[in-house]
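**Student:** just coords:
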């Protein structure tokens, strides 16, 4: 007995591709921006080798401000900025702007925690050997914290999948948009069930790959 779909299968694949685009691009931006932001928080913190309470408080306040703002509120608040950057406020590329801005401070705080867990003895040993400050970041902090960073990035990607589905409520495209327009507004239970199933599979794949990579790094 075959399943008859209420909408063409191509729409599911197109929606999945849009979701992967949103999550992939915004996740890449968060990764590239979040790590330097976390390093800045670590080195300017009290006891850091570039300790600067003012800089640390200022950066920390900005990070906390964005983290404390619910994504749906941030999505609406950033509409003027999104229009300026993407030239539109609907569609995949418009959604990438608030997704990246929301994910970057979230990921930065996770990386900061991983960097804090690096053994202080390793830092002191590197300093005693005459390593330059940024060499310590590159060759001690980041390599030692790498499993935690990858684990945190996996969590960030999973959060982005959830946020990208939420962005569908304002016409961002992707699986969330499909669920809103066809599942909710047209009361099509089949679409809702299939979209939820696709999201569960996507999250499971991302989490499994991330956990596997973390285990490899820790066993090296």
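**Tutor:** Okay, I see it. Just so it is clear, the structure is predicted and the values come from calculations on it, not from any experiment.
**Student:** Any buried residues in stretch 190-208, and which?
**Tutor:** 191, 192, 194, 195, 198, 199, 202, 206 (16 or more other C-beta atoms under 10 Å). In this view, the C-beta of every residue, glycine as well, is placed from N, C-alpha and C.
**Student:** and whichever strand or helix holds residue 33, what other elements does it pack with?
**Tutor:** Residue 33 belongs to helix 9-43 when assigned by DSSP states H and E. Judged by 3 or more C-beta pairs under 8 Å, 6 or more residues apart in numbering; DSSP states H and E, helix 9-43 is in contact with helix 53-68, helix 92-116, helix 142-167, helix 174-178, helix 189-219.
**Student:** which one of the ones you listed lies closest to residue 33?
**Tutor:** helix 92-116 (4.8 Å; C-beta to C-beta).
**Student:** now that closest one and helix 9-43, what's the angle there?
**Tutor:** Between helix 92-116 and helix 9-43, the angle comes out at 40 degrees (axes from the mean of the first three to the mean of the last three C-alpha atoms, to 10 degrees).
**Student:** circling back to that earlier point, okay, the helices and strands packed on helix 9-43, which one's buried deepest?
**Tutor:** helix 174-178 (a mean of 27; mean count of other C-beta atoms under 10 Å).
**Student:** pLDDT of that one, averaged?
**Tutor:** Helix 174-178 shows a mean pLDDT of 81.
**Student:** So what touches it?
**Tutor:** 11-12, 15-16, 18-19, 22, 92, 95, 164-169, 171, 191, 195, 198-199 (C-beta atoms under 8 Å, 6 or more residues apart in numbering).
**Student:** Likewise for stretch 43-54?
**Tutor:** Under C-beta under 8 Å, 6+ apart, the answer for stretch 43-54 is 42, 55, 56, 59, 127, 133, 136, 137.
**Student:** Could you tell me the end-to-end distance of stretch 173-183?
**Tutor:** Length of stretch 173-183, first residue to last, C-alpha to C-alpha, to the nearest Å: 14 Å.
**Student:** Could you check how far that stretch is from the centre of its chain?
**Tutor:** Per C-alpha atoms, centre = their mean, to the nearest Å, the displacement of stretch 173-183 from the mean C-alpha position of its chain is 21 Å.
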